[in-house]
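# Fold the following, please.
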Amino acid sequence: MIEKDIRQGDREKNLLNALLKLNRVKLDEGGPVKPLTLADYLKVGIQNSSLSEDERKEMQALLDKMLGVKKK
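Got it, this is the predicted structure:
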């Protein structure tokens with residue numbers, strides 16, 4: 001979980017790391033995919049709900065950049 005006393009940049013970094021852990025595919029080896037559990041989704045959802053609106057917009061921009069999503 002995200003602690004309330006850590007810096008804002010650390011909160012965003014922790015959330016990105018949690019989102020990256022959801023993607024458990026070894027792309028370089030083509031290894032097995034571990035199925036996601038409800039706890040995986042719940043953890044990210046709780047972290048996301050604790051972000052401010054500005055932090056959510058920043059996270060969305062980072063995810064879009066990471067996933068190569070083009071703005072319309």
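# Who are the contact partners of the residue nearest the centre of the chain?
Centroid-nearest residue in the chain, with CA atoms, centre = their mean: residue 19, separated by 2.6 Å. Residue 19 sits next to 44, 63 when contact means CB atoms under 8 Å, 6 or more residues apart in numbering. Bear in mind the C-beta positions are built from the backbone N, C-alpha and C, glycine included.
# Pull out the buried residues from the one helix or strand it maps to.
Using DSSP states H and E, residue 19 sits in helix 8-22. Residues of helix 8-22 classed as buried by neighbour count (16 or more other CB atoms under 10 Å): 11-12, 15, 18-19.
# which one of those is nearest residue 49?
Of all the buried residues of helix 8-22, residue 49 sits closest to residue 15, with 10.8 Å by CB to CB.
# Next up, the contacts around that closest one.
2, 44, 47-48, 51, 59.
# quick one: it from residue 46, how far?
Per CB to CB, to the nearest Å, residue 15 is found 10 Å from residue 46.
# which residue sits closest to residue 21, ignoring its sequence neighbours?
Using CB to CB, 6 or more residues apart in numbering and skipping residues adjacent in sequence, the residue nearest residue 21 is residue 40, 7.6 Å away.
# again with residue 16
residue 62 is the one closest to residue 16 (CB to CB, 6+ apart), at 6.3 Å.
# I'd say the one you found and residue 17 touch.
No: using CB atoms under 8 Å, residue 62 makes no contact with residue 17, being 11.6 Å away.
# one step back: tabulate the contacts of residue 15 (JSON lines), appending pLDDT and secondary structure.
Output for the contacts of residue 15, formatted as JSON lines (pLDDT from 0 to 100; DSSP: H, G, I helix; E, B strand; the rest coil):
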{"residue": "2", "pLDDT": "46", "secondary structure": "coil"}
{"residue": "44", "pLDDT": "87", "secondary structure": "helix"}
{"residue": "47", "pLDDT": "87", "secondary structure": "helix"}
{"residue": "48", "pLDDT": "86", "secondary structure": "helix"}
{"residue": "51", "pLDDT": "89", "secondary structure": "coil"}
{"residue": "59", "pLDDT": "87", "secondary structure": "helix"}
